[in-house]
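# predicted coordinates and the sequence they were generated for:
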Amino acid sequence: MIVRYQVGDIVKMKKTHPCGSDRWEVLRTGIDFRIKCLGCGRQVMLPRPKFEKAVKAIIQPAAGGESSCPTSS
């Protein structure tokens, strides 16, 4: 199963950050991921394989995803 991550997703990581939070916001996707801790605001860059191993679940998908495109009626 392929999981597609988008900018704005809130993800839960397997390990907690030293500040105690395990929830992160995805700020950048691609070869590297930039994520921001929702507890203290610290930003971290991770290579894609390390990020995908560390993610436990997507808590909240990004608002305005691909399925919310307006249709003409």
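Here it is on my side, so go on.

# quick one: contacts for the nearest residue to Asp32 once chain neighbours are set aside?
Nearest residue to Asp32, sequence neighbours excluded (C-beta to C-beta, 6 or more residues apart in numbering): Met45, at 5.3 Å. Where you see a C-beta, it was placed from the backbone N, CA and C, and this is true even at glycine. With contacts defined as C-beta atoms under 8 Å, 6 or more residues apart in numbering, Met45 is in contact with Asp32, Phe33, Arg34.

# among those, name the ones in helices.
Among these, DSSP state H puts none in helices.

# which of those has the most neighbours?
The most neighbours of any of the contacts of Met45, using other C-beta atoms under 10 Å, belong to Phe33, which has 23 neighbours.

# pretty sure that one contacts Tyr5?
Yes - with contact defined as C-beta atoms under 8 Å, Phe33 reaches Tyr5; the gap is 7.3 Å.

# remind me which residues of the chain are low pLDDT?
Along the chain, segments meeting pLDDT under 70 span 1, 64-73.

# quick one, helices of it?
Using DSSP H, helices in the chain cover 48-54.

# go ahead and flag the most central residue of it.
Val26 (3.5 Å; C-alpha atoms, centre = their mean).

# bridged to it, which residues?
Beta-bridge partners for Val26, by DSSP bridges, are Ile35.

# can you pull the contacts of it?
Tyr5, Gln6, Val7, Gly8, Asp9, Ile10, Val11, Phe33, Arg34, Ile35, Ala62.

# with distance to Asp22 added, can I get the residues you listed in CSV?
Below are the contacts of Val26 laid out as CSV (distance: C-beta to C-beta, whole Å):
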residue, distance to Asp22
Tyr5, 16
Gln6, 20
Val7, 20
Gly8, 18
Asp9, 14
Ile10, 11
Val11, 9
Phe33, 16
Arg34, 17
Ile35, 12
Ala62, 19
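
# weed out the non-buried ones from these.
Tyr5, Asp9, Ile10, Val11, Phe33, Arg34, Ile35, Ala62 (16 or more other C-beta atoms under 10 Å).

# would you list those in JSON lines and tack on distance to Ser21?
Output for the buried ones among the contacts of Val26, formatted as JSON lines (distance: C-beta to C-beta, whole Å):
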{"residue": "Tyr5", "distance to Ser21": "19"}
{"residue": "Asp9", "distance to Ser21": "16"}
{"residue": "Ile10", "distance to Ser21": "11"}
{"residue": "Val11", "distance to Ser21": "12"}
{"residue": "Phe33", "distance to Ser21": "17"}
{"residue": "Arg34", "distance to Ser21": "17"}
{"residue": "Ile35", "distance to Ser21": "11"}
{"residue": "Ala62", "distance to Ser21": "19"}
